[in-house]
Structures are given as C-alpha cells and as structure tokens.
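[1] My questions concern the predicted model and sequence given below.
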Amino acid sequence: EVQLVESGGGLVQPGGSLRLSCAASGFTFSDYGMSWVRQAPGKGLEWVSQINSGGGSTRYADSVKGRFTISRDNAKNTVYLQMNSLKPEDTAVYYCAASGPGGQYDYWGQGTQVTVSS
C-alpha cells in the first residue's frame, strides 16, 4: 500500500520556523520526484517546491524562495520542507506529492496544517 504521511505542522508566530516531514512507503521513493503543495483556506492548490529523485535539483515558488528549503533522504524515504521567516500568508494545509517520469502527481499525502498567527 502506498503511503505518504506528513508531519511537523502546527501553530507558529510570524517570523518563526517549522520543519515538515513526509515519510513514504509502498513505492520506490528514490525513483520519484517529490513536491510540496499547499492549500490556503478558501483557495486552490498552490505548488510550493520540488526536488528531483536524486536530490540534486530543487525549485521553489517565488512566494517562498529564500525562506523555504526542500531536501530529501532517500535512505529514510523521507522528504522535508524547512520553513523559515514564516508569514501569515503561509497558513495552509501542506501536502507532499510524488511525481513519476511523466511529471504527473501519482501519489498524495493527507496533509498537515500550518498556521502562522500571533
């Protein structure tokens, strides 16, 4: 059974930091690119960041560039999102997703809530 399980969300003050984790199982993690996608209240899905299968290439949305860092540990089948200098507009449910060779999202996690508020 394929599973992507996010953790690490919570309530943080503006300017604070959180580290999200996404643990994968049931598929060959090292064959897949991994992304973080978020959904703010009342809004659609927003792509946040992506890392390739080997971890050597990363991309970020302009809204998070310089503040967020994506990484992965293929030995642990886990992808991370380090979020620094958090802003209220970063409040959202954060999902990890696995993308195959065609670039489509094949697998999704259940999401973890991040709330940035004073």
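    That came through, no problem.
[2] Pretty sure residue 20 sits in a helix.
    No. Looking at residue 20 with DSSP: H, G, I helix; E, B strand; the rest coil, it is strand, so not inside a helix.
[3] Skipping its backbone neighbours, what lies nearest the residue positioned nearest the centre of the chain in space?
    The geometric centre of the chain, computed from its C-alpha atoms, lies nearest to residue 36 (C-alpha atoms, centre = their mean), at 2.9 Å. Among residues not flanking residue 36 along the chain, residue 48 sits closest, at 4.3 Å (C-beta to C-beta, 6 or more residues apart in numbering). (C-beta placed from N, C-alpha, C; glycine too.)
[4] Wait, the one you found touches residue 38, no?
    Yes. If you go by C-beta atoms under 8 Å, residue 48 and residue 38 touch, sitting 5.3 Å apart.
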